[in-house]
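**Q** sequence first, then the predicted structure:
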2 protein chains.
Amino acid sequence: MHLFKEEVYIKRRNALRSEFKNGILLFIGNQESSFNYPANTYAFRQDSSFLYFFGLDMPNLVGVLDIDQQKDHIFGNDVDMDDIIWMGSQPTMKELGAKVGVENTANLTQLDEFINQTIACGRKIHFLPPYRGEHKLQLTGLLGLQPYKLVNYVSKDLIRAVVKLREIKEAVEIEEIEKAIEIAWEMHTTSIKMAAKPGRVEQEIAGTIEGIALSRGAAVSFPVILSVHGETLHNHHHDNVIEVGQMMVTDAGAETNMHYASDITRTVPVGGKFNDRQKGIYQAVLNANLKAIEAIKPGVEYRIVHFIAAKTLIEGLIEAGVMKGDAQAAVDAEAHTLFMPHGLGHMMGLDVHDLESVGENFVGYDEKTTRSSNFGTAYLRLGKELKPGYVLTVEPGCYFIPALIDQWKSENKLAQFINYDVVETYKDFGGIRIEDDVLVTENGNRVLGKPIPKTIDEIELLMASAI
Amino acid sequence: MHLFKEEVYIKRRNALRSEFKNGILLFIGNQESSFNYPANTYAFRQDSSFLYFFGLDMPNLVGVLDIDQQKDHIFGNDVDMDDIIWMGSQPTMKELGAKVGVENTANLTQLDEFINQTIACGRKIHFLPPYRGEHKLQLTGLLGLQPYKLVNYVSKDLIRAVVKLREIKEAVEIEEIEKAIEIAWEMHTTSIKMAAKPGRVEQEIAGTIEGIALSRGAAVSFPVILSVHGETLHNHHHDNVIEVGQMMVTDAGAETNMHYASDITRTVPVGGKFNDRQKGIYQAVLNANLKAIEAIKPGVEYRIVHFIAAKTLIEGLIEAGVMKGDAQAAVDAEAHTLFMPHGLGHMMGLDVHDLESVGENFVGYDEKTTRSSNFGTAYLRLGKELKPGYVLTVEPGCYFIPALIDQWKSENKLAQFINYDVVETYKDFGGIRIEDDVLVTENGNRVLGKPIPKTIDEIELLMASAI
């Protein structure tokens, strides 16, 4: 098992405890998830908040911070001989607890008693939103609530306290994230080189880079998006044969063995050479990526950075003849959402969309910054003011989505900004996205990890080396 | 989406329908499984029985065979513009139904109405055991049953009817299984070659071969077992550095894009050369594998084949000095279970342990053959009489499990058959398992797929090519 030093977990729990006056904080670790029958499970993934406060990367554990008693507990069962035969010798719960600074360990039957007593005493039980069926069933059993009613009892205080801690990355966490980007470097340079050879099926490349994530880390941090139809934002099918004239999007990252994420996107021309049309759109997206990064520093709302990227994209699209009119007026009218119907980025850490399980608006917005409900802009997951220690993604894109183009064109929507006749000729273009992972520092920002080829020249050079 | 011709599914549903007089047969397709937050999911895996009868490899579908009305239904929702932007254009439910010969399609709201009406009319609803939390919650919602009570309402008639069909593999299925073994060939020859170089971490090899499964198929058919501590039967940790003197077990298979499985084990000496002690144990296990395969034919109980393998193993262990006495008496006393505390094999098909989700005893045993409750032998998943069309695994093994050896030795258990002093010297040996996938034919059997090096000479030759 991969763990930080026990002090790391003790410090985090102490900081969390200091936010509460009484009650208990209940962290249900993940159970195994079945693939096609109970014993055949997906690779185990521990819950990120459990990992953050209790570190132990194994199923069927529950962590508790008892605020009144000032005691931390881990509940879980010791293994028996059958487990030893099938899964090897395991440390006892006592030993596991000691690794993360928790003295009080007990089995899961004792958890039932503990919870019953807590309920009987009328003490508040704080828990985070469950996101797996097994987790809902476990909470249902423990708390005696109907599964569909659990959502009403989730603790907003606990959500806010957990976000406050987890959103500011510690030095040891930033190191882990850079390791995850190091793995992504290997994945993306491999993918770029493989795209130099037309005729491959996307699956071959997607599988190869997922293999790299598994060889060097715990897993991919999200299902690999790899497609010559990048206009489909989260395309998880990999059946296309890649052909010259297409742009291939690879949006992929790894988890380290400690489960910290990376999330990088590169888009390259199949065969290795950009044509002129591709160069125009690519440079517009790249400029948006670079301008956005330039603008990242503490005190700036990420919403503002999003619109800086949008305006830069529009300027490039005007140059390419796809859009027209005044760039600022176009961005104010959100005319770019035809081409970039998503947000600029999101927090990243133990989750690739960090903390998304507690609710996006608790992570990406606050009292001062409210989420837009407008088409496209509503997908901006992070809008609030930036603080040092945030790690976030910067991922502008430009897509030609035939169904969406047809819809807007039929409504003549924002036609003062869009050359629909030209857009028509781009319907076979696909999409481009360019994404980096950025740390907000005291005075500005730092793009994390070893640079992965990003300019037109860098990409053509790397691809030439693979032909 | 990868599908057989629609006739295949129509024929299967007709055969299933003919086993029932009335009621409805309800097949809940799988939902997405969340990894660390709701939208970040594991790679989707459809339920195998849903795939078998309805073919459609996508989440949130429900299939129904209405026996009284002689009508088949698929319930699922058509996509909207948001789905198109994020996931691409999708065929309508109507079009999807047509691909698998189902005319009646409707949305999931209509499923609620349909089920309510079925309940109101007092018609029987047959369903299979749920094995995912989401599935239990969906059934709870649909049927108005408490989650923990669902198990009481599972249909044994449906289980038996589904097993009767799925256990006999059709020609198109055998073709798919051979494709899955073709991928396993690539995985295992890669693993064997990588083991020629000591100093690697297991994770590097395990990740590489999982990458091969993902490049050429849908996934691994179960989590890769790859370890120099093969004495741990289902070791899913890959943190060891491989060293000369160790045997490395690789138990791994792939799923094709149609989700048919392979399941192969090879065990090789790190560095490429067997030492004498390794040769002795390896040959004993290999002989058990070969003798068992020889015995496979219709009409033979697999329980019997299991004990043929066990006796062959014992003979080899007597030769190596690890066991003693009369081999038949030792197998009758189940003395081999100290070294092979598991069964010889299991059915394989759409699931690597085929149909295990409906309950092992419905698949592996019947009225004539009852499961043993003895240590070790209780793990024999398949005991019943073999029929043409069964595909099963043959996977004898021999393990030196220190904790188990200590337990038996302290009890002086079956000491007339075991040279405990010699066994003591094997505590650092690890384990060996050799597994193939076999089709029961009309007259005997056929080991499926392209042969993967298995004899000592074949393995040493392949490893020499990699040094």
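**A** Yep, that arrived.

**Q** what's in contact with stretch A:358-375?
**A** Stretch A:358-375 is contacted by residues A:49, A:128-129, A:156, A:159-160, A:162-163, A:167, A:301-303, A:334, A:337, A:341, A:346-347, A:353-356, A:378, A:380-385 when judged by Cβ atoms under 8 Å, 6 or more residues apart in numbering or on different chains. Backbone N, C-alpha and C define where each C-beta goes, glycine included.

**Q** what about the helices in the stretch 351-467 of chain A?
**A** Under the criterion DSSP state H, counting those that start in this stretch, the stretch 351-467 of chain A carries helices at the ranges A:360-364, A:402-410, A:420-425, A:456-464.

**Q** pick the most buried one from the ones you listed.
**A** Of all the helices of the stretch 351-467 of chain A, helix A:360-364 has the most neighbours on average by mean count of other Cβ atoms under 10 Å in any protein chain shown, namely a mean of 21.

**Q** mean confidence for that helix?
**A** Confidence over helix A:360-364 (mean pLDDT, whole number) is 96.

**Q** what does stretch A:446-462 give?
**A** If you average the pLDDT over stretch A:446-462, you get 98.

**Q** repeat for stretch A:48-62
**A** Predicted confidence along stretch A:48-62 averages 97 (mean pLDDT).

**Q** straight-line length of it, end to end?
**A** Using Cα to Cα, to the nearest Å, one end of stretch A:48-62 lies 13 Å from the other.

**Q** would you map the helices across the stretch 201-350 of chain A?
**A** A:202-216, A:276-295, A:302-319, A:327-332.

**Q** could you tell me how far the shortest one lies from the centre of the chain?
**A** Which is helix A:327-332. Distance, stretch centre to chain centre, for helix A:327-332: 29 Å (Cα atoms, centre = their mean, to the nearest Å).

**Q** repeat that for the second one.
**A** The gap between where helix A:276-295 is centred and where its chain is centred comes out at 22 Å by Cα atoms, centre = their mean.

**Q** what's the burial count for the closest residue to A:Val228 other than its chain neighbours?
**A** Nearest non-adjacent residue to A:Val228, counting by Cβ to Cβ, 6 or more residues apart in numbering or on different chains: A:Gln246, 4.0 Å away. Neighbours of A:Gln246 under the rule other Cβ atoms under 10 Å in any protein chain shown: 23.

**Q** which ones are touching A:Gln246?
**A** For A:Gln246, the contact set (Cβ under 8 Å, 6+ apart) comprises A:Val228, A:Pro269, A:Val270, A:Gly430.

**Q** go with 10 Å
**A** Contact criterion Cβ atoms under 10 Å, 6 or more residues apart in numbering or on different chains gives A:195, A:198, A:227-230, A:240, A:268-271, A:278, A:428-430 as the residues in contact with A:Gln246.

**Q** try A:Leu290
**A** A:Leu290 sits next to A:Ala309, A:Thr312, A:Val394, A:Pro396, A:Ile434, A:Asp436, A:Lys454, A:Thr455 when contact means Cβ under 10 Å, 6+ apart.

**Q** of these, grab the buried ones for PyMOL.
**A** For selection in PyMOL, the members of the contacts of A:Leu290 meeting the burial criterion (16 or more other Cβ atoms under 10 Å in any protein chain shown) are listed in this command:
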select buried, chain A and resi 309+312+394+396+434+436+454
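
**Q** what is the nearest of the contacts of A:Leu290 to chain B?
**A** Among the contacts of A:Leu290, A:Pro396 lies closest to chain B (Cβ to the nearest Cβ), at 15.9 Å.

**Q** for that closest one, which non-adjacent residue is closest in space?
**A** For A:Pro396, the nearest residue in space outside its immediate sequence neighbours is A:Ala288; the separation is 3.8 Å by Cβ to Cβ, 6+ apart.

**Q** so where's the stretch 201-350 of chain A shaky on pLDDT?
**A** Within the stretch 201-350 of chain A, the ranges that satisfy pLDDT under 70 run A:234-236.
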